[in-house]
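1. Predicted model follows, preceded by the sequence.
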Amino acid sequence: MIADRSFDIRVMTDFLQRNDGAFTRPLSQTLKEQGQTLEDYAEKLCRMGTVAYETDGDAIMGVVIGYTQNLPEDNGSYITQVVTDPKYRRRGVCKRLLAEYFDFCREQNISYVWLTTGVDNHSAQATYEGCGFVLAPCANEKMVKYIYRIR
């Protein structure tokens, strides 16, 4: 499902809290160093982002969160978070959510989608490449950048 700038902040905060350890580096630690709280970050994602999500009853299995408004001149969307609850990994959740996000971007006439991941996150890299992303130049040597062309 897609929630465009309307996802429930409490649900997002709870999901990110429960999956803090699923990040390469705990999200809570990164946010703390930036002077942010998890609640503030969740509020920003829900207010400004487009959230593709899948549930299993009341539980969120995974999310893909990106920005589809106020895009740069070349009309590219940035995906800021791709998170699958560890209990639901290796079930195609991420691939389905990315496909749904791409469909939404296509409807919005977005040209391409880009994201980054850590150079050591080989599992994510394989997933992104399997979904059609291609490597792009990246100025940060600790990150790998991928682009998916919508049209």
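-> Cool, the structure landed. From a predicted model like this one, the values you see are computed outputs, not experimental measurements.
2. Check which residues of the helix or strand hosting Asp103 are buried.
-> Asp103 is located in helix 93-107, with elements delineated by DSSP states H and E. Using 16 or more other CB atoms under 10 Å as the test for burial, helix 93-107 gives Val93, Cys94, Arg96, Leu97, Leu98, Glu100, Tyr101, Phe102, Phe104, Cys105. C-betas here are computed from N, CA, C, even on glycine.
3. Tell me the first helix or strand C-terminal of it.
-> Remark: after helix 93-107, the chain's next helix or strand is strand 112-118, criterion DSSP H and E.
4. How far off centre is that following strand?
-> Distance of strand 112-118 from the chain centroid (CA atoms, centre = their mean, to the nearest Å) equals 9 Å.
5. for the helix or strand following it, packing partners?
-> Using DSSP H and E, the helix or strand that follows strand 112-118 in sequence is helix 122-130. Contacts defined by 3 or more CB pairs under 8 Å, 6 or more residues apart in numbering; DSSP states H and E place helix 122-130 against helix 93-107, strand 112-118, strand 143-149.
6. Report the angle between helix 122-130 and strand 143-149.
-> Helix 122-130 runs at 20 degrees relative to strand 143-149, counting by axes from the mean of the first three to the mean of the last three CA atoms, to 10 degrees.
7. pretty sure Met12 is touching Met48, no?
-> No - contact criterion CB atoms under 8 Å: Met12 and Met48 do not qualify, at 12.0 Å.
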